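Participant: A predicted structure for the sequence below; I have some questions about it.
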Amino acid sequence: MPLSSFIDKSKTNTLRVLATLFGGLEYLGSNCIVLGKIYDLLFYRKMVRREIVMAKLSPGAKVLHIGSGPLPLTATCLSTIGFRVDAVDNSNAAIRAAVKVAKNYNLDKAINFIEGEGIEIDCSAYDAVWVSFSVSPMEEVVRKVLSTLKNGGRVIYRNSRGWLSILYQQAKPKVIADSYPHRRISHSLWKESVIITKNPFPEE
């Protein structure tokens, strides 16, 4: 085997291990409610609130979170603020874990969890759709959301930054939807949010 092929294979295997490790941390947070709530308080609540402000959304809106995972902190944050939330993931294990987390937040009746593929969902009933940064293929999913989203709807998707982009492919808004207005917000923990709207933002 050529040295370059060996290096490429080793790099791929390493990235798979790291991605699995990050996924395992979410399950750890879903099983240990204290750790999950610390992560929520220190990072997620601030991130979601910044996204809501930047997207010009108001509580009461109907929203969807694609790729909610076993630790559905985006969904719980949105529901706590007053949004009507559907959360979808293609893993049955992740959905089961997420329902338990929602129960710990007393939100199991408020969040509608759906097992399925986000790319197959008609988003015309939603005012905004959140897409987790681990969703793949990101560009295809965001394009599908935009194709079915109603006028004035928002797509908020998370991108990796810095070294985290080695694990998770970045989706550039100008590649996905150059004809739509978009905004970007940088966060800690090597993440950013991209907000795309099908109409100009209210003040524009």
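Facilitator: Sure, I can see it. Numbering: from 1, shown residues only.

Participant: give me every residue that touches the most centrally placed residue in the chain.
Facilitator: Centroid-nearest residue in the chain: Ser132, 1.8 Å away (criterion: CA atoms, centre = their mean). By CB atoms under 8 Å, 6 or more residues apart in numbering, the contact list for Ser132 reads 65-69, 74, 157-158. For every residue, glycine as well, the C-beta is placed using N, CA and C.

Participant: which of those residues sit farthest apart?
Facilitator: Pairwise distances across these (CB to CB) peak at 14.4 Å, for the pair Gly69 and Tyr157.

Participant: With neighbour count and secondary structure as added columns, please give the contacts of Ser132 in JSON lines.
Facilitator: Shown next, in JSON lines, are the contacts of Ser132 (neighbours: other CB atoms under 10 Å; DSSP: H, G, I helix; E, B strand; the rest coil):
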{"residue": "His65", "neighbour count": "30", "secondary structure": "strand"}
{"residue": "Ile66", "neighbour count": "28", "secondary structure": "strand"}
{"residue": "Gly67", "neighbour count": "24", "secondary structure": "coil"}
{"residue": "Ser68", "neighbour count": "29", "secondary structure": "coil"}
{"residue": "Gly69", "neighbour count": "25", "secondary structure": "coil"}
{"residue": "Thr74", "neighbour count": "26", "secondary structure": "helix"}
{"residue": "Tyr157", "neighbour count": "26", "secondary structure": "strand"}
{"residue": "Arg158", "neighbour count": "24", "secondary structure": "strand"}
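
Participant: Could you confirm Ile195 falls within a strand?
Facilitator: Yes: using DSSP: H, G, I helix; E, B strand; the rest coil, the assignment for Ile195 is a strand.

Participant: got a list of what it touches?
Facilitator: With contacts defined as CB under 8 Å, 6+ apart, the neighbours of Ile195 are 51, 54-55, 154-156, 182-185.

Participant: Using PyMOL, define a selection of the buried residues within those residues.
Facilitator: Here is the PyMOL command that selects the buried residues among those (16 or more other CB atoms under 10 Å):
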select buried, resi 51+54+55+154+155+156+182+183+185
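
Participant: nearest to Asn106, of the contacts of Ile195?
Facilitator: Distance to Asn106, by CB to CB, is smallest for Glu51 among the contacts of Ile195, at 23.2 Å.

Participant: I'd like the contacts of Ser132 laid out as CSV, including pLDDT.
Facilitator: Shown next, in CSV, are those (pLDDT from 0 to 100):
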residue, pLDDT
His65, 98
Ile66, 97
Gly67, 94
Ser68, 94
Gly69, 91
Thr74, 95
Tyr157, 95
Arg158, 91
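
Participant: what helix or strand is Val48 on?
Facilitator: According to DSSP states H and E, Val48 maps onto helix 45-55.

Participant: Next, the buried residues of that helix.
Facilitator: The neighbour-count check on helix 45-55 (16+ other CB under 10 Å) flags 45, 47-48, 51-52, 54-55 as buried.

Participant: Relative to Asp86, which of those is nearest.
Facilitator: Nearest to Asp86 among the buried residues of helix 45-55, with distances taken as CB to CB, is Val48, at 15.7 Å.

Participant: Tell me what Asp89 is bridged to.
Facilitator: With DSSP bridges as the criterion, Asp89 is bridged to Glu115.
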